[in-house]
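Peer 1: A predicted structure for the sequence below; I have some questions about it.
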Amino acid sequence: MRKDQVCTVATRYRARAVPSAGGTFHIKMVYILLAGLLAFLLGAASVDADTVGDGVELSELAYKVVVDDDIATVRGSLVSALEGRNYSIVNTLNVQEALINRDISADPILLVEFINLTKAYQITKSDHRFELFAPLRAALFEEQHMVKVLILRPQFIGEVLGKENLSEAARSVLEDFDRDMHEVAESILSGGF
């Protein structure tokens, strides 16, 4: 999926988010934003991917690993690796379950949101736009007894924000986050923390 197609899809979903009785507008917007992120990750993560020596594929946008396991076990490895590096799990969205509740059949997909608030605040102090990317995200897709994990690269966030506009402390945190995400991807490949 090309970036212009992703924008069209996101615009189409945004147009459907109309306030309704019962206060579901906010929930719909969260689903729309997550759908947009998911579409973007699916469309861009495969572009210009390279595999580094440890088996982790990397692109400008994401780290990618493919594991021969079930989605629940891989999610456990991801959470363990993140928590071992002082990241808090903010939310896990079971996309398949949410879609089944709307009578839409889907493969198992999990979106995991996480953050290290202490470090992240160093970036936010430098550029408030960072909050548009926070918390950080990983997407897990189970297909044919394999799980593909895409982890949004903090380096990509720095490029979007413009590293030249960030403080030295903010750039350093983004580099730490990016290194952490690579280590998390390696940990998932090895099966644990």
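Peer 2: All right, it came through fine.
Peer 1: spatially central residue in the protein, please.
Peer 2: The chain has residue 137 as the residue nearest its centroid, 2.6 Å off, counting by C-alpha atoms, centre = their mean.
Peer 1: where do the strands sit along the chain?
Peer 2: Taking DSSP state E as the criterion, the chain contains strands spanning 50-51, 57-58, 62-67, 88-94, 109-115, 136-143, 146-152.
Peer 1: quick check: chain neighbours aside, which residue is closest to residue 118?
Peer 2: Distances taken as C-beta to C-beta, 6 or more residues apart in numbering put residue 86 closest to residue 118, at 7.9 Å, once the chain neighbours are dropped. All C-beta spots, glycine's among them, are computed from the backbone N, C-alpha and C.
Peer 1: next, count neighbours for that neighbour.
Peer 2: 11 (other C-beta atoms under 10 Å).
Peer 1: 38 is where my numbering starts, stick with that
Peer 2: With 38 as the first residue, the last one maps to residue 123.
Peer 1: and the pLDDT for the spatially closest residue to residue 193 that is not a sequence neighbour?
Peer 2: In space, and not counting its chain neighbours, residue 193 is closest to residue 98: 5.1 Å by C-beta to C-beta, 6+ apart. pLDDT for residue 98: 94.
Peer 1: rewinding a little: now the strands of the chain in CSV, with distance to residue 213?
Peer 2: Compiled in CSV, the strands of the chain are given as follows (distance: least, C-beta to C-beta, whole Å):
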stretch, distance to residue 213
strand 87-88, 22
strand 94-95, 17
strand 99-104, 15
strand 125-131, 16
strand 146-152, 13
strand 173-180, 12
strand 183-189, 15
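Peer 1: residues of stretch 150-170 that come out buried?
Peer 2: The neighbour-count check on stretch 150-170 (16 or more other C-beta atoms under 10 Å) flags 150, 151, 152, 153, 156, 157, 159, 160, 163, 164, 167, 170 as buried.
Peer 1: which parts of this protein are helices?
Peer 2: Assigned by DSSP state H, the chain shows helices spanning 40-53, 62-81, 108-120, 132-137, 154-163, 191-198, 205-227.
Peer 1: chain center to stretch 169-176, what's the gap?
Peer 2: Offset of stretch 169-176 from its chain centre (C-alpha atoms, centre = their mean, to the nearest Å): 5 Å.
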